[in-house]
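*Asks:* Provided below are the primary sequence and the corresponding predicted coordinates.
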Amino acid sequence: MSVRTHEMTTWTVGQVADLFGVTVRTLHHYDEIGLLSPSERSRAGYRLYTDADLLRLQQVVVYRRLELPLEEIASLLDGGDDPVTHLRRQREAVLTRLDELKELVGAIDRALEREMSDEPATPEELKELFGEGFRDEYQAEAKERWGETDAWQQSAKRTKRYTKADWAEVKAEMDETHAAFIRAKQAGEPATSEAAMDAAEAHRLHIHRRFYDLDHEFHRGLADLYIADPRFTKTYEDLEEGLAQYVRDAIHANADRHTASGS
């Protein structure tokens, strides 16, 4: 049950976590960074959330579902806008996302049609799915740099017959590995945490299954490229500021973990 203090309904951190489907750890993190702090205290000194706090949390949750960074959410909520303005902004963002999802559904539908004929994906279809990552000059440079390596040869052999539907699955898996890194980072988990290292292991296994054999030491070298090559760095920084370094450090930590365990 909620607690009444000074004729005001208040809520404990556990109650708020259950009500909004977030973790207590997340609420503590929001408190630590000043995004959302409980406004009241019980007689025993426990911090309590008010209805106004819950209204702010509701806005935070919606903006997070729209994948806005915490810093941007704080700026929006502290900008003095009224709830109606926030709702209108969120509605516009959702409509934009719906348009993007409709385009993606269309791309996947076309991929499914091609899969029925078992035809490999064309360069144009790969560009449609992956955008800038499949620019012709990038692919030519990659082949020039690594075309003679075993990893390149193995990847070329595996992906030669990938249909567009196959590549759509690859893209979905890749997006999920990125999302796992972002969730861990935004939750305040260090790169050496279990969550970050598990995301790194999922990242390694994705490449290992889909492209070429990738052990943990090879994975370290790949991770270093994410910092050394500005184009790799930009790919991650466009998703989340500081993500390239975070991913690199998580991959190294995961490799250390597996070396220590002997696996």
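*Replies:* Great, that's in hand.

*Asks:* what residue ranges in the stretch 51-200 of the chain score low on pLDDT?
*Replies:* 114-123, 125-148 (pLDDT under 70).

*Asks:* switch the cut-off to 50
*Replies:* Counting by pLDDT under 50, the stretch 51-200 of the chain has low-confidence residues at 134-143, 147.

*Asks:* Tell me where it has helices.
*Replies:* 51-65, 70-77, 83-117, 123-130, 136-146, 150-159, 164-186, 194-210 (DSSP state H, counting those that start in this stretch).

*Asks:* In TSV, list the ones you listed along with distance to Ser261.
*Replies:* C-beta: built from backbone N, CA, C; applies to glycine. Formatted as TSV, these follow (distance: least, CB to CB, whole Å):
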stretch	distance to Ser261
helix 51-65	34
helix 70-77	33
helix 83-117	39
helix 123-130	34
helix 136-146	30
helix 150-159	25
helix 164-186	20
helix 194-210	11
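
*Asks:* Out of those, the one nearest Leu222 is which?
*Replies:* In terms of CB to CB, the element of the helices of the stretch 51-200 of the chain nearest to Leu222 is helix 194-210, at 7.7 Å.

*Asks:* Packing partners of that closest one?
*Replies:* helix 164-186, helix 216-228, helix 243-261 (3 or more CB pairs under 8 Å, 6 or more residues apart in numbering; DSSP states H and E).

*Asks:* Which of those sits closest to Arg89?
*Replies:* helix 164-186 (20.2 Å).

*Asks:* in the closest one, what's buried?
*Replies:* For helix 164-186, burial by neighbour count (16 or more other CB atoms under 10 Å) applies to 164-168, 170-171, 173-174, 177-178, 180-182, 184-186.

*Asks:* mind checking which of the helices of the stretch 51-200 of the chain is nearest Arg248?
*Replies:* Closest to Arg248 of those, according to CB to CB: helix 194-210, at 9.4 Å.

*Asks:* okay if I get the helices and strands packed on helix 194-210 as CSV plus distance to Gly79?
*Replies:* Conversion of the helices and strands packed on helix 194-210 to CSV gives the following (distance: least, CB to CB, whole Å):
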stretch, distance to Gly79
helix 164-186, 21
helix 216-228, 34
helix 243-261, 25
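
*Asks:* Which residues are in contact with Lys102?
*Replies:* Contact analysis of Lys102 by CB atoms under 8 Å, 6 or more residues apart in numbering lists nothing.

*Asks:* mind checking how far it is from Arg110?
*Replies:* 13 Å (CB to CB, to the nearest Å).

*Asks:* what's the answer for Arg248, then?
*Replies:* 35 Å.

*Asks:* Compare the two (neighbour count), which wins?
*Replies:* Arg248 (23 against 15; other CB atoms under 10 Å).

*Asks:* in terms of contact, does that one touch His219 like I think?
*Replies:* No. With contact defined as CB atoms under 8 Å, Arg248 and His219 do not form a contacting pair (10.4 Å).

*Asks:* How many neighbouring residues does the residue nearest to Leu225 when sequence neighbours are not counted have?
*Replies:* Once flanking residues are discounted, Leu225 sits nearest to Phe232: 5.3 Å by CB to CB, 6 or more residues apart in numbering. Using other CB under 10 Å, Phe232 has 18 other residues around it.

*Asks:* which residue ends up closest to the midpoint of the chain in space?
*Replies:* Ala179 (2.0 Å; CA atoms, centre = their mean).

*Asks:* Could you chop the chain up by domain?
*Replies:* Domain assignment for the chain, taken from automatic domain parsing, gives 3-78, 120-261.

*Asks:* Output these as CSV; include the columns distance to Gln90.
*Replies:* CSV is the format used below for those (distance: least, CB to CB, whole Å):
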stretch, distance to Gln90
domain 3-78, 5
domain 120-261, 19
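
*Asks:* out of these, nearest to Val94?
*Replies:* Nearest of the domains of the chain to Val94, taken as CB to CB: domain 3-78 at 7.1 Å.

*Asks:* Please tell me how far that closest one is from the chain's geometric centre.
*Replies:* With CA atoms, centre = their mean, to the nearest Å as the basis, domain 3-78 stands 22 Å off its chain's centre.
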